[in-house]
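Asker: With the input below, show me the fold.
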Amino acid sequence: MRCKWISVACIMYLLIPIVGYSQTASDYLIIQDIGSYKLARPEKLFPGEPPIGGPRMYSGAGVLTPTGHMPDHVDATFEAMYLGETGLPSPTVQVTKHTGSDSDKWLLHEVDRDFRTYYGIPGEIYGPRLIDGQTILEAFAGGGNYRWLSGNKVIMIEYHDSQLTKPEPIEIVKAYLAKHPSTLQSMTLAQLRSPENKTKWIKDEMERRLWLCDKWYMQFQLGKVQQKDMLK
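Answerer: Now for the predicted structure:
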């Protein structure tokens, strides 16, 4: 099965350099080198323009945009890139803080959703993994993608390696697990692929979509969205 990778270019809401947010950023990101990986620093390339690269903050969700969610269900997404030395990948880390509203009940479902087919079947390249006694979700296709929840925060670490010849950035994963411990319950691959799990996931997806319909309709009644946006 094929994972549904989401292009970062499609989810850029409002990109703001993290200058002036260092204290807040350090609550979510590791603002220093991690082992063999060097934190990407901002580079000022054009006169009169803000620096690009380095740690940053999105005003809204990052790659893990909950499908159909209202923007106000997400506080902010913090992102950093770590440059690997020769032969190492250069992973990107995103930590998204959610508001703690009723939308949080669907966070795990939506994190898991990207790794499943339209019918809720887990992809062949996807499964749970135990690292330092903590459960995360991972998939490998043209690189690696690691995800987990830490309370109402979503952590995503992704790197690209089309030939799958580079070592995993396990130092990065372990460092962020230490900073944001996983709150996922332990799970085996057999449990993930069981008929019971698939059936439950499909029922949950139906409930989630009905929940979203109610949310969007309420926004329409309040005059906050147009009818065409609600129906879409």
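Asker: helix or strand for Asn197, which one?
Answerer: If you go by DSSP states H and E, Asn197 is part of helix 195-221.
Asker: List the buried residues of that helix.
Answerer: 197-198, 201, 204-205, 208, 212, 215-216, 219 (16 or more other CB atoms under 10 Å). (Glycine included, C-beta is placed from N, CA and C.)
Asker: can you redo those as JSON lines with pLDDT and distance to Ala190?
Answerer: Formatted as JSON lines, the buried residues of helix 195-221 follow (pLDDT from 0 to 100; distance: CB to CB, whole Å):
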{"residue": "Asn197", "pLDDT": "93", "distance to Ala190": "9"}
{"residue": "Lys198", "pLDDT": "93", "distance to Ala190": "12"}
{"residue": "Trp201", "pLDDT": "93", "distance to Ala190": "15"}
{"residue": "Asp204", "pLDDT": "93", "distance to Ala190": "20"}
{"residue": "Glu205", "pLDDT": "91", "distance to Ala190": "21"}
{"residue": "Arg208", "pLDDT": "88", "distance to Ala190": "25"}
{"residue": "Leu212", "pLDDT": "83", "distance to Ala190": "31"}
{"residue": "Lys215", "pLDDT": "82", "distance to Ala190": "35"}
{"residue": "Trp216", "pLDDT": "84", "distance to Ala190": "37"}
{"residue": "Gln219", "pLDDT": "83", "distance to Ala190": "41"}
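Asker: and the gap between the nearest residue to Gln134 once chain neighbours are set aside and Arg116?
Answerer: Nearest residue to Gln134, sequence neighbours excluded (CB to CB, 6 or more residues apart in numbering): Ser182, at 4.1 Å. Ser182 is 20 Å from Arg116, where distance means CB to CB, to the nearest Å.
Asker: same deal with Lys228?
Answerer: In terms of CB to CB, Lys228 sits 29 Å off from Arg116.
Asker: what's the answer for Glu196, then?
Answerer: Counting by CB to CB - Glu196 and Arg116 are separated by 15 Å.
Asker: Repeat that for Asp33.
Answerer: Distance of Asp33 to Arg116, given as CB to CB: 35 Å.
Asker: Spatially nearest residue to Ser162 (excluding sequence neighbours)?
Answerer: Closest to Ser162 by CB to CB, 6+ apart is Gly142, at 5.1 Å.
Asker: what's whichever strand or helix holds Ala80 in contact with?
Answerer: In this assignment (DSSP H and E), Ala80 forms part of strand 74-84. The contact list for strand 74-84 (CB atoms under 8 Å, 6 or more residues apart in numbering) reads 18, 24-25, 28-31, 33-34, 36-40, 53-62, 66, 90-99, 166, 169, 172.
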